[in-house]
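In: okay, structure incoming, though there's no sequence with it:
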Ligand SMILES: Nc1ncnc2c1ncn2[C@@H]1O[C@H](COP(=O)(O)OP(=O)(O)O)[C@@H](O)[C@H]1O
Ligand SMILES: Cc1ncsc1CCOP(=O)(O)O
Ligand SMILES: [Mg+2]
């Protein structure tokens, strides 16, 4: 288990390029900054290349794209592939038909090293029956480990299917992260933060993308769990402030003390 990837993010301070949604862009920027990475969120197609050349990871979030931004999104994806920059896709609400068409088209042209979504989103990409609900996971009875594995094999990438348990698969290896807190669900942007964290962990992982995904999930969820244990009531506003503070301060020893032998 490479908890030291957290220390490496803090010492290397990798630039992480993001196409964010406009709802949670500030959480993503502050989250990356808190953990020790350096976020950048450009929007002009003319500067995509020069911005990617200074970046060590990239995350594309499909939460609020406009159709006229699709050429920019494709260009960023292609450039990240050309430059060998680890690339994460967050297919927000992809069970909706128009988004499904756009995202599957993107996946046909660009190689994403990671796809991170909730159960509703990853089940939609797997073509498995599931009652998705907009940006939320929704309901269903599929075997989530199998759902993650199917998408990983279909797109030759590492998949993180997040939720109360995070399922991680690269199509060959599978693992889970069982830490976290339900408070993540009452803060819009938790999933978006996790997707950009995966890019930051991948940036310092020396191409061990399965471990990067596992450590991003474990460190994010465990930090949230530590914060939730210190909150007296269910307070979404206090949670995000305390989470950003703790992401900055948490040590690998605190994480190691919080997790169990099976992790
Ligand atoms: N009920 C829960 N208990 C513990 N952790 C959770 C719970 N729901 C979500 N998480 C955590 O919240 C983070 C965001 O995941 P998720 O809520 O699935 O994404 P999204 O916001 O895209 O739906 C992940 O780190 C996940 O482990
Ligand atoms: C509310 C909303 N609408 C489109 S994207 C978005 C934010 C999604 O954030 P997350 O997937 O992290 O909950
Ligand atoms: Mg989401």
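Out: Nice, I can see it. Bear in mind the structure is a predicted one, so any value in this text is a computation, not a measurement. Ligands and ions are numbered 1, 2, ... in the order given.
In: quick one: low-confidence parts of the stretch 151-263 of the chain?
Out: 261-263 (pLDDT under 70).
In: who's in contact with stretch 124-138?
Out: In this structure, residues lying in contact with stretch 124-138 by Cβ atoms under 8 Å, 6 or more residues apart in numbering are 63, 91-96, 100, 103-104, 107, 115, 117-121, 123, 139-140, 142, 147, 150-151, 154-155, 163, 185, 188. C-beta coordinates here come from the backbone N, C-alpha and C atoms, glycine included.
In: and the strands in the stretch 51-200 of the chain?
Out: Assigned by DSSP state E, counting those that start in this stretch, the strands in the stretch 51-200 of the chain fall at 57-61, 87-90, 114-118, 131-133, 136-139, 158-162, 166-169, 174-177.
In: neighbours around the residue of the stretch 101-250 of the chain found nearest ligand 2, how many?
Out: Closest to ligand 2 within the stretch 101-250 of the chain is residue 191: 3.3 Å, counting by Cβ to the nearest ligand atom. Residue 191 has 25 neighbours, counted by other Cβ atoms under 10 Å.
In: for the stretch 151-263 of the chain, what lies in contact range of ligand 3?
Out: By the rule Cβ under 5 Å from the ion, the part of the stretch 151-263 of the chain lying against ligand 3 is residue 191.
In: which residues in the stretch 151-263 of the chain form helices?
Out: Using DSSP state H, counting those that start in this stretch, the helices found in the stretch 151-263 of the chain span residues 190-203, 209-230, 236-249, 252-258.
In: which of the residues in the second one are buried?
Out: Put plainly, it is helix 209-230. Of all the residues in helix 209-230, those buried under the rule 16 or more other Cβ atoms under 10 Å are 209-228.
In: how about stretch 174-190?
Out: 174-177, 179-181, 183-185, 187-190.
In: so is that stretch next to ligand 1?
Out: Yes: using Cβ under 6 Å from any ligand atom, stretch 174-190 reaches ligand 1 at 180, 181, 182, 184, 185, 190.
In: show me which pair in those is furthest apart.
Out: Across the residues of stretch 174-190 next to ligand 1, no pair lies farther apart than 182 and 190, at 10.7 Å, counting by Cβ to Cβ.
In: spell out which residues are contacts of both of the two.
Out: Shared contacts of residue 182 and residue 190, defined by Cβ under 8 Å, 6+ apart, are absent.
In: now the most centrally placed residue in the chain: closest residue in space that isn't a chain neighbour?
Out: Nearest to the geometric centre of the chain sits residue 195, at 1.3 Å (Cα atoms, centre = their mean). Distance criterion Cβ to Cβ, 6 or more residues apart in numbering; nearest residue to residue 195, sequence neighbours excluded, is residue 90 at 3.9 Å.
In: likewise residue 222?
Out: Nearest to residue 222 is residue 179, by Cβ to Cβ, 6+ apart, at 4.6 Å.
In: residue 156: neighbour count?
Out: Neighbours around residue 156, by other Cβ under 10 Å: 11.
In: with the one 5 residues further on instead?
Out: The local packing count at residue 161 equals 29, with neighbours defined by other Cβ under 10 Å.
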